[in-house]
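1. Let's see this in three dimensions:
(chains A and B)
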2 protein chains.
Amino acid sequence: MNVAIIGGTGAEGFGLTLRLAQAGHHVTIGSRDADRAAAKADEAKEILGADAQVDGAENPSAAAAAPVVIVTVPFAGAAAIYESIAQSVRPETVVCDCTSPLMASVGGRASHALHPWHGSAAEFVRTLLPHGTRLVAGFHTVSAGILRSLDKPVDSDTFVMGEDAEAKAAIGSLADSIEGMRWVDLGGLQMARIAEQMTPLLISVNARYKIHDSGFRMTGRDPWGAPG
Amino acid sequence: MNVAIIGGTGAEGFGLTLRLAQAGHHVTIGSRDADRAAAKADEAKEILGADAQVDGAENPSAAAAAPVVIVTVPFAGAAAIYESIAQSVRPETVVCDCTSPLMASVGGRASHALHPWHGSAAEFVRTLLPHGTRLVAGFHTVSAGILRSLDKPVDSDTFVMGEDAEAKAAIGSLADSIEGMRWVDLGGLQMARIAEQMTPLLISVNARYKIHDSGFRMTGRDPWGAPG
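-> Predicted structure coming up:
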């Protein structure tokens, strides 16, 4: 699958880039700066080997070229980034928001949640995209630390939520392609109000236990994936 | 350990009663109605065997007699219940709140969270107890369904939070005594703002996947328990 990762030069986005490229996907790292994106793509190929399909582009070009666009940017910068790619997203594009609104965005702690007026970051960014954009939210519970430990399977599941079942399944299939990761369908986009708060929860656990890779597994069913 | 379970006649409280009595603790089921509490205690002994140490009492008596008081009541009834036991709680008593504020309390869905003014149900009930009560919150993520399946170890961890480390460890040791359960220290009581929302999350997952016992495991460390 061709995937653009907007914010792919950041820790979370670059970790996801490595895992998805390792799984055989073609990943375009998006950045505000094309040179920086290209340099990060080179870094990914150094880590994964020259066969890895990773390139770099400015965010709008990256978003325009891929059927799946994953946005991994800090909440404070999300509005500007989404506005910059809104015209590049086509009606069929699946957009996956990974933003977690943290008090760190306004100078507070990363272990404290921030509550956007719209209910969640995902519901806020929906207002910045063309009406009807196939928006899902996911990957809030998979830390950069876990993603970057390429020698270990990912020992954490991800929630996926949104109104478009096919779009959720597309993101779910990407999650499934990463060794160890499973996805759980949490329902409509509003459930991001809860899922996004798993990020400060994990950050708090990491701080208290002096670790870098807490995560979680859903129990009660295996495999997870699409319901039914 | 002697434990009182306020609301021990409800599904969650009775499940916890069974698991803790099975682990060898002496459990007093608290209810507004002493006869109902006694009948539920008899039911527990029928399930567990006559050696099980379970008895019943009215809520205030149950709360007065035990060093650890676990409160498992629906959010809509929590204020009245806490007011009824507030004078029974001694300075050394450890009180564990298990309440999750759900929209079901006001006629909405159990998969939707309700946001109390105080931030969380735990922070709200703190205002109903004598100043300085050793209040912790926990057990939001362990469903009645999981607890009642006594033939299976509990396949879900619990978060424990509060300001008093010894009180958290006391509740944690109860969690550890239940086969399969582990506990994770989430920090101060304010973290209940996130942990309480794991309940509607699990309720949503149960509904979508048509199961009754979704739960979750923390990854990144084993064992969990007290940090450090």
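2. Check which helices and strands whichever strand or helix holds A:K168 is in contact with.
-> Assessed by DSSP states H and E, A:K168 sits inside helix A:165-177. Applying 3 or more CB pairs under 8 Å, 6 or more residues apart in numbering or on different chains; DSSP states H and E, we find helix A:165-177 packed against strand A:68-71, strand A:94-97, strand A:134-138, strand A:158-162, strand A:183-187. C-betas here are computed from N, CA, C, even on glycine.
3. A:I81 versus the most centrally placed residue in chain A, what's the distance?
-> Closest to where the C-alpha atoms of chain A average out (CA atoms, centre = their mean) is A:C98, at 3.9 Å. Using CB to CB, to the nearest Å, we find A:C98 at a distance of 12 Å from A:I81.
4. Restricting to C-alpha, output the lowest-mean-pLDDT helix or strand in chain A in PDB.
-> Least confident element among the helices and strands of chain A, by mean pLDDT, DSSP states H and E: helix A:144-148 (a mean of 95). The C-alpha trace of helix A:144-148 is given here as PDB (Å, rounded to 0.1, in the frame of the first residue of the first chain):
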ATOM      1  CA  ALA A 144       7.500   6.000  19.400                       C
ATOM      2  CA  GLY A 145       9.700   3.900  21.700                       C
ATOM      3  CA  ILE A 146       7.800   0.700  20.900                       C
ATOM      4  CA  LEU A 147       7.800   1.500  17.100                       C
ATOM      5  CA  ARG A 148      11.500   2.200  17.000                       C
END
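5. Tell me which helix or strand comes right after the longest helix along chain A.
-> For chain A, the longest helix by residue count, based on DSSP state H, is helix A:34-48. Per DSSP H and E, the first helix or strand lying C-terminal to helix A:34-48 is strand A:54-58.
6. Disregarding residues adjacent in the polypeptide, which is nearest to A:I85?
-> Computed as CB to CB, 6 or more residues apart in numbering or on different chains, the closest residue to A:I85 that is not its neighbour in sequence is A:A63, at 4.0 Å.
7. make that A:S177, sorry
-> A:A23 is the one closest to A:S177 (CB to CB, 6+ apart), at 4.1 Å.
8. mind checking pLDDT for A:G228?
-> With respect to pLDDT, A:G228 scores 82.
9. Could you tell me how many residues sit around it?
-> Counted with other CB atoms under 10 Å in any protein chain shown, residues neighbouring A:G228 total 7.
10. Confirm that it sits in a strand.
-> No. Counting by DSSP: H, G, I helix; E, B strand; the rest coil, A:G228 falls outside a strand, being coil.
11. List the contacts of A:H118.
-> A:124, A:126-127 (CB atoms under 8 Å, 6 or more residues apart in numbering or on different chains).
12. now, which of those residues sits nearest chain B?
-> Comparing the contacts of A:H118 against chain B with CB to the nearest CB places A:F124 closest, at 17.2 Å.
13. name the element the closest one belongs to?
-> Using DSSP H and E, A:F124 falls in helix A:121-126.
14. That helix near chain B anywhere?
-> No. Judged by CB under 8 Å from any CB of the partner chain, helix A:121-126 makes no contact with chain B; its nearest approach is 13.9 Å.
15. Output the set of residues of chain A in proximity to chain B.
-> So far as CB under 8 Å from any CB goes, chain A lies against chain B at A:111, A:113, A:146, A:155-156, A:184-187, A:191, A:193-195, A:197-198, A:200-201, A:204-206, A:208-211, A:213-221, A:224, A:227-228.
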